[in-house]
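K.L.:
return a 3D structure for these sequence lines:
(2 chains)
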Amino acid sequence: MRLRVVVPIVVLVALIGLLGYGLTRDPHTLPSAFQGHPAPAIDLPSLVEPERQVRLSALDGRVGLVNVWASWCVACRSEVSELAHLAQQTGVPVIGIDYKDRRDEATNWLRRFGNPYALIAFDGDGTTGIDWGISGVPETFVVGPDGQIQDKIVGPVTAEIRRERLMPLIRRLRGQAAS
Amino acid sequence: MNAVRFLLIALVLAFGSTHVATAGDMDTVDQATQTRYHSLIAELRCVVCQNRSIAESDAPLAADLRDVVRRRIQAGQTNAEIKHYLVVRYGDWILYDPPIQTSTVLLWGGPFMLLAIGLLIVVMTMRRRPISAAPATSSTDTGADTDKLARILAEDRAREQERGR
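P.N.:
I've put the predicted structure just below:
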């Protein structure tokens, strides 16, 4: 008899809990993919020197960052200082992929907001972006010494992500490479 | 001369525009490949607009993904190879028909589990109330009715006795 009262209440509370948890989640964030897979190739003309090619092999076994950005991307402005800070602190090369952009607007943007990149590949039609599995800009990938994608950050790199996620990962990957 | 020019303009107006609109699409390949292309893009979920397939979506990224599918079909890849390429990059999320694996067991098995629980509850309730329950209720009903009738009759009799006095 008591079971008949308790069971529906327990079920109801569990259901409310589940639905409530569902409300706190952002439906626009996709489950992360692509970690642990080999990084796709980059073979694109450079943004600054169009006659030169930018290739991922420029990393040459070093830990590196690949950052997909565009001058039309407002959120990208906020991460420039973080990427610059990270590059300065750790010395990791940051390769930029300028996604679906115009050269003149992109170069103006770099002049205005700063250039944290070691190299910038110009991906005018966005094919390389798709090959990297991006769903928007900015996205940042950590490429390990083995050429595999170790982490992927969707959205701008914040100070917190830099400190608590990127710095420790870069240190760990370098430790592995050294040993 | 004018007639020829008119004819040319008419031809361009009639066929030119539609040709341009679909030139990037699959109109140069055979019917079977076209059908395959259209069914494949209907199975892939648009990653930015959610709950629409890349076939339905107008988002630029969906157009790019359609291009990727088209180019890979033209390069001779199978549907499985194309899906694998996209799943590695975007996760199972991109498939409208996710595969059965440890992370999707609840998704596929959940409805059957709920059905089993429902059946179990039905069976348990049926067992607790045996078949004799039905006649038992009707007998108590008649019992209550007889009691009520007897009470009314007794009240009537009492009233008559009072009047008779």
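
K.L.:
can you map out the helices along chain A?
P.N.:
Using DSSP state H, the helices found in chain A span residues A:2-24, A:75-90, A:103-113, A:127-131, A:159-161, A:167-178.

K.L.:
dump the residue contacts of the residue of chain B found nearest chain A.
P.N.:
Across chain B, the shortest distance to chain A (Cβ to the nearest Cβ) belongs to B:Arg89, at 2.8 Å. Quick note: C-beta positions are derived from backbone N, CA and C, even for glycine. For B:Arg89, the residues meeting the contact criterion (Cβ atoms under 8 Å, 6 or more residues apart in numbering or on different chains) are A:33-34, A:130-133.

K.L.:
same thing with A:Ala84?
P.N.:
A:Ala84 sits next to A:114, A:116 when contact means Cβ under 8 Å, 6+ apart.

K.L.:
quick check: B:Val69 touching B:Tyr37?
P.N.:
Yes: in this structure, B:Val69 is within contact of B:Tyr37 by Cβ atoms under 8 Å, at 6.6 Å.

K.L.:
quick one: buried ones out of the contacts of B:Arg89?
P.N.:
Buried members of the contacts of B:Arg89, counted by 16 or more other Cβ atoms under 10 Å in any protein chain shown: A:33-34, A:130-133.

K.L.:
got TSV for the residues you listed, with distance to B:Leu120 and pLDDT too?
P.N.:
As requested, the buried ones among the contacts of B:Arg89 are exported to TSV (distance: Cβ to Cβ, whole Å; pLDDT from 0 to 100):
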residue	distance to B:Leu120	pLDDT
A:Ala33	38	81
A:Phe34	42	87
A:Ile130	49	92
A:Asp131	50	93
A:Trp132	49	95
A:Gly133	44	92
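
K.L.:
give me the below-cutoff pLDDT ranges for chain B.
P.N.:
Residue ranges of chain B with pLDDT under 70: B:1-28, B:130-142, B:165.

K.L.:
interface residues of it facing chain A?
P.N.:
Contacts of chain B with chain A, taken as Cβ under 8 Å from any Cβ of the partner chain, map to B:47-48, B:50, B:60-61, B:64-65, B:68, B:87-93.

K.L.:
select only the buried ones of these in PyMOL?
P.N.:
The following PyMOL line selects those of those that are buried, judged by 16+ other Cβ under 10 Å:
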select buried, chain B and resi 47+48+61+64+65+68+87+89+90+91+92+93
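
K.L.:
and the pLDDT for the residue nearest to the spatial centre of chain A?
P.N.:
Nearest to the mean C-alpha position of chain A, by Cα atoms, centre = their mean, lies A:Thr140 at 1.7 Å. You'll see A:Thr140 listed with a pLDDT of 96.
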